[in-house]
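**Q** have a look at this fold, sequence not included:
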């Protein structure tokens, strides 16, 4: 079930426990009965945690004395809390089936959903997630309150209805408070034509898809035209509206996308020295990890204030030594710029191979609705932690396009540099650092 297996001898536990790494990971303890359920958990230090469980001492309570019951240990070393969470989910699902979600307290995150198939579309908050509605779901948000706040502020910018019933327009209907306040086109009593309401719904959909950028671009053009015509009062009014829209858009994080276009490469520390772990989020489904080798990568320091020469990582390449003045030395002379470009090509080639591995892993994941909900729950739980406690980075992109190589390489550089600083600030590594 897990990557490594150790046979456990209760009469002499020390040799087995000595084989365990002092690394984070997940573990499973199995008893003699093959039908018995294993004990599954994660820890920040495999050897210390299992020594506490299996190296019994007289001072320990009876609840912790598992030595005589365990015959086999399985474990998987991980490099980050995110990797541990995903590995524990997969192992728990394999061991306990549908009960895994309850054991891990996985709850679907909240999205905004636009009922595009309705005659008169509306937007509401939901945590009912399905692949069939992926084009109409926008999120994920950290909580229901955050989703409701963004929804309310976004709808204040438009004239879309907020009522829940399926409408059967009746001119005799008195309307509601929103129609009285001119905050709704009032399709309930034919306050507008169906075409006009459809246009407004299309604007709302574009706003949610682009997190406000579609409306900001249109208003920016209007403001510039008003300024050119010397209509400064109109330009000032449009600018005030732009500021309001920017404040509303800021309520949605970078993770908020249409579910069908929610893609990211997640960069995490790895348990393997000299590597980072890459994960893929594609339309809400997680795949990975795959390892990325940082050997020879020159790491830049963005806080050093240096020039842009080293703003993009590149691989250092060994140059064969030749005698001065020999024809071979002249033929193999390469300018520093070309060496740097060649180093970039090496890193991007490694990245391309990692992307291929992630795509192969994603092809084997069944994209059922419950799996989709679970993966989004794991991603949201990690992404919306306070930045000081969140390890790793996510580079978002549209799954229908290729992942952006340069931002991902920079993220790899930052994550690996952070790993070096956390583990051994004064220790040299295969990857060199540039100030």
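**A** Received, thanks. Bear in mind the structure is a predicted one, so any value in this text is a computation, not a measurement.
**Q** tell me how this structure divides into domains.
**A** 4-104, 110-211+252-256, 262-434 (automatic domain parsing).
**Q** how about those domains in JSON lines, adding mean pLDDT, distance to residue 245 and mean neighbour count?
**A** (Glycine included, C-beta is placed from N, CA and C.) Converted to JSON lines, the domains of the chain look like this (pLDDT from 0 to 100; distance: least, C-beta to C-beta, whole Å; neighbours: other C-beta atoms under 10 Å):
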{"stretch": "domain 4-104", "mean pLDDT": "88", "distance to residue 245": "33", "mean neighbour count": "16"}
{"stretch": "domain 110-211+252-256", "mean pLDDT": "91", "distance to residue 245": "6", "mean neighbour count": "17"}
{"stretch": "domain 262-434", "mean pLDDT": "78", "distance to residue 245": "21", "mean neighbour count": "16"}
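**Q** can you redo the ones you listed as a markdown table with distance to residue 217?
**A** Shown next, in a markdown table, are the domains of the chain (distance: least, C-beta to C-beta, whole Å):
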| stretch | distance to residue 217 |
| --- | --- |
| domain 4-104 | 35 |
| domain 110-211+252-256 | 9 |
| domain 262-434 | 18 |
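**Q** quick one: closest of the ones you listed to residue 242.
**A** domain 110-211+252-256 (11.0 Å; C-beta to C-beta).
**Q** end to end, how far does that closest one reach?
**A** One end of domain 110-211+252-256 to the other measures 11 Å (C-alpha to C-alpha, to the nearest Å).
**Q** quick check: end-to-end length of stretch 175-190?
**A** OK, stretch 175-190 end separation, C-alpha to C-alpha: 10 Å.
**Q** for that stretch, the distance to its chain's centre please.
**A** Stretch 175-190 sits 40 Å away from the centroid of its parent chain (C-alpha atoms, centre = their mean, to the nearest Å).
**Q** now do it: everything it contacts.
**A** 120, 156, 159-163, 167, 169-174, 191-192, 194, 196-197, 200 (C-beta atoms under 8 Å, 6 or more residues apart in numbering).
**Q** now swap in stretch 392-409 and tell me
**A** With contacts defined as C-beta under 8 Å, 6+ apart, stretch 392-409 is touched by 80, 82, 254-255, 257, 260-269, 281-283, 312-313, 347-348, 351-352, 355, 382-383, 411, 414-415.
**Q** where do the helices sit along the stretch 301-435 of the chain?
**A** With helices called from DSSP state H, counting those that start in this stretch, the stretch 301-435 of the chain shows them at 327-331, 336-363, 369-383, 405-423.
**Q** can you list the ones you listed in JSON lines and add distance to residue 141?
**A** Formatted as JSON lines, the entries for the helices of the stretch 301-435 of the chain read as follows, by distance: least, C-beta to C-beta, whole Å:
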{"stretch": "helix 327-331", "distance to residue 141": "60"}
{"stretch": "helix 336-363", "distance to residue 141": "24"}
{"stretch": "helix 369-383", "distance to residue 141": "8"}
{"stretch": "helix 405-423", "distance to residue 141": "23"}
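**Q** can you confirm residue 298 is in a helix?
**A** No - using DSSP: H, G, I helix; E, B strand; the rest coil, the assignment for residue 298 is strand, not a helix.
**Q** any idea how far residue 411 is from it?
**A** Distance of residue 298 to residue 411, given as C-beta to C-beta, to the nearest Å: 16 Å.
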